[in-house]
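Novice: Fold the following for me, if possible:
(chains A and B, ligands or ions: 1)
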Amino acid sequence: MATRGFIGRRTPEDHAARTPPGQALTTDFPVLSAGPTPRIKLEDWKFTLKVGPRPVFAWDWKTFDALPKTAFTRDIHCVTTWSKLDTKWEGVTIDDLLAAAGMEAATPFVLAHGFDGYSTNVPTADLAGSKAMIATTYDGKPLTPDHGGPARLLVPHLYLWKSAKWVSGLQFTEVDTAGFWELRGYHMVGDPWREQRYHDDP
Amino acid sequence: MSASPSPWERATISAISDLTPRVKSFTFAPETPFRFRPGQHVDLRLTAPDGYQARRSYSIASAPSADGTIELAIERLDDGEVSSFFHEAAEVGDAIELRGPIGGHFVWDSDDGGPLLLIGAGSGVAPLMAMIRERAGQGSAVPALLVLAARGWDNILFRDELLALEARTDGFELVFALSREAVRRDRDHGGRIDQALAAAALARLPSPPTFAFVCGSNAFVEAATSAFIEAGLDSKIIRTERYGG
Ligand SMILES: Cc1cc2nc3c(=O)[nH]c(=O)nc-3n(C[C@H](O)[C@H](O)[C@H](O)COP(=O)(O)OP(=O)(O)OC[C@H]3O[C@@H](n4cnc5c(N)ncnc54)[C@H](O)[C@@H]3O)c2cc1C
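Specialist: Next up, the predicted model:
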């Protein structure tokens, strides 16, 4: 259905192939979150890996920060329809994290948790193979609180609500367990190229 | 699990009016009316003749109504792709594609009780307006306070309606924070929302709020939530909706 009088602002040709359907490019970095920005002191920061209810490994900031770091330059996509190209991150890939804990992916699904009580579910396969990291810097600087600092999950090929801010741990689950937005009608996977925005989207 | 929003459906623009110099009200009549809760939003999708599409989210400013129409308050952003279409091209009778309702966190209705604290700026008052209108429509006596930031008196969306609702003295209170103009009423504040304003505002409620909703640009949400947390508001009850920018 064409909308009378609408022409629209096109994405430049060379960027169009990198912009998923229904998304528009932005150059600034909008912030979206469900509550106030928590301020987490590095000395209080802790990151826990769990299998089901059982904690299997934990890091404080010092031991976490000593893990091998990887740099990522990726395009990111928010379900509120902005996309941003070539964002630069650094952090610990989930592969390196599991290696440091001496374990392998325990179950097919992961629930990521945040210090603010947020949670989001991600298929384990989407975290493996250097596709995702726990990011601690953005654009060469420590991650600021409004963007999820000190550390956030970054799964750049899925809509950004999957990239839990203020991340406090990953929990392996046998069953795909809906997180905060997933309980509120959003998609269990969230692939922007398939426009998996809401629960019933194919 | 909350339901998925409707598939895309046509909605006809049935009314357009000016709310402020930069914000217009649009009333839509969806082909298939849907139920929603105050605070939820819809996605609108525009399609160019060659198939190019743009979609954006807009909060529903109206309370659920019997005829199924919904009101949106759309602020004009210079060079905004979708908002300038609505301000320059859209006319009554046009059909727009719409999907909704969306969002299950930034929602409140009078059955949820209170006290209720609402904090908004600019077009960010839209979802708060839906809550205020629903509360009034239900004849609810839940104590509620709206702190509304604007540049000046004529930039306040829904100003006269809000003043009329406050005049009912049914437990709804209103505080304007005007950043660029002298205040006209004793209870209002000049300047931006700061800790002193937040403390004075909180004191207007009979007891600490059990729900707090903050909506506006990200910069506003950050500043306003910090001020209220410093003034003693429990950060765990705060829910935010950020429009970007
Ligand atoms: C859940 C939700 C609910 C929303 N509800 C409403 C609503 O009720 N009313 C409403 O008017 N909008 C609302 N918005 C914002 C709306 O979705 C659009 O983002 C907005 O209308 C701009 O779209 P656009 O196409 O006109 O601008 P775009 O073409 O997308 O351009 C936006 C660009 O303008 C700049 N920009 C963005 N925001 C601002 C700003 N606030 N001030 C100055 N510059 C800015 C940025 O550079 C951005 O890249 C809501 C957003 C969300 C996520």
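
Novice: Pick out the residue nearest the middle of chain A.
Specialist: Nearest to the mean C-alpha position of chain A, by C-alpha atoms, centre = their mean, lies A:Ser163 at 1.4 Å.

Novice: next helix or strand past the one helix or strand in chain B whose mean pLDDT sits lowest?
Specialist: Least confident helix or strand, chain B: strand B:189-190 with a mean of 92, by mean pLDDT, DSSP states H and E. The helix or strand immediately downstream of strand B:189-190 is helix B:195-202, counting by DSSP states H and E.

Novice: which residues does the residue nearest to the centre of chain A contact?
Specialist: For A:Ser163, the contact set (C-beta atoms under 8 Å, 6 or more residues apart in numbering or on different chains) comprises A:Ile76, A:Gly148, A:Arg152, A:Leu153, A:Leu154, A:Val155, A:Pro156. C-beta: built from backbone N, CA, C; applies to glycine.

Novice: so what does the top helix by length along chain A touch, helix or strand wise?
Specialist: For chain A, the longest helix by residue count, based on DSSP state H, is helix A:94-101. Where contact means 3 or more C-beta pairs under 8 Å, 6 or more residues apart in numbering or on different chains; DSSP states H and E, helix A:94-101 is packed against strand A:46-51, strand A:54-60, strand A:133-138.

Novice: Would you give the sheet partners of the least confident helix or strand of chain B, along with the direction of each?
Specialist: Strand B:189-190 pairs in its sheet with strand B:172-178 (parallel), by DSSP bridges.

Novice: Now do the strand it pairs with and helix B:195-202, the angle between them.
Specialist: Counting by axes from the mean of the first three to the mean of the last three C-alpha atoms, to 10 degrees, strand B:172-178 lies at 160 degrees to helix B:195-202.

Novice: And the contacts of strand B:172-178?
Specialist: Strand B:172-178 is contacted from outside by B:132, B:135-136, B:143-153, B:156, B:162-163, B:165-166, B:183, B:185, B:187-193, B:197, B:200-201, B:204-205, using C-beta under 8 Å, 6+ apart.

Novice: If any of these are buried, give me the PyMOL selection for them.
Specialist: The PyMOL selection below is limited to those of those classed as buried (16 or more other C-beta atoms under 10 Å in any protein chain shown):
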select buried, chain B and resi 132+135+136+143+144+145+146+147+148+149+150+156+162+165+166+183+188+189+193+197+201+205
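
Novice: how much space between B:Trp153 and chain A?
Specialist: 29 Å (C-beta to the nearest C-beta, to the nearest Å).

Novice: Could you export the helix or strand where B:Ala223 lies as PDB, CA atoms only?
Specialist: Using DSSP H and E, B:Ala223 maps to helix B:218-230. Output in PDB follows, covering the C-alpha atoms of helix B:218-230 (Å, rounded to 0.1, in the frame of the first residue of the first chain):
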ATOM      1  CA  ASN B 218      17.100  10.100  26.500                       C
ATOM      2  CA  ALA B 219      18.800  13.200  27.900                       C
ATOM      3  CA  PHE B 220      15.600  14.200  29.700                       C
ATOM      4  CA  VAL B 221      15.000  10.700  31.100                       C
ATOM      5  CA  GLU B 222      18.500  10.600  32.400                       C
ATOM      6  CA  ALA B 223      18.400  14.000  34.100                       C
ATOM      7  CA  ALA B 224      14.900  13.600  35.500                       C
ATOM      8  CA  THR B 225      15.400  10.100  36.900                       C
ATOM      9  CA  SER B 226      18.700  11.200  38.500                       C
ATOM     10  CA  ALA B 227      17.000  14.200  40.100                       C
ATOM     11  CA  PHE B 228      14.200  12.100  41.500                       C
ATOM     12  CA  ILE B 229      16.400   9.400  42.800                       C
ATOM     13  CA  GLU B 230      18.600  12.000  44.600                       C
END
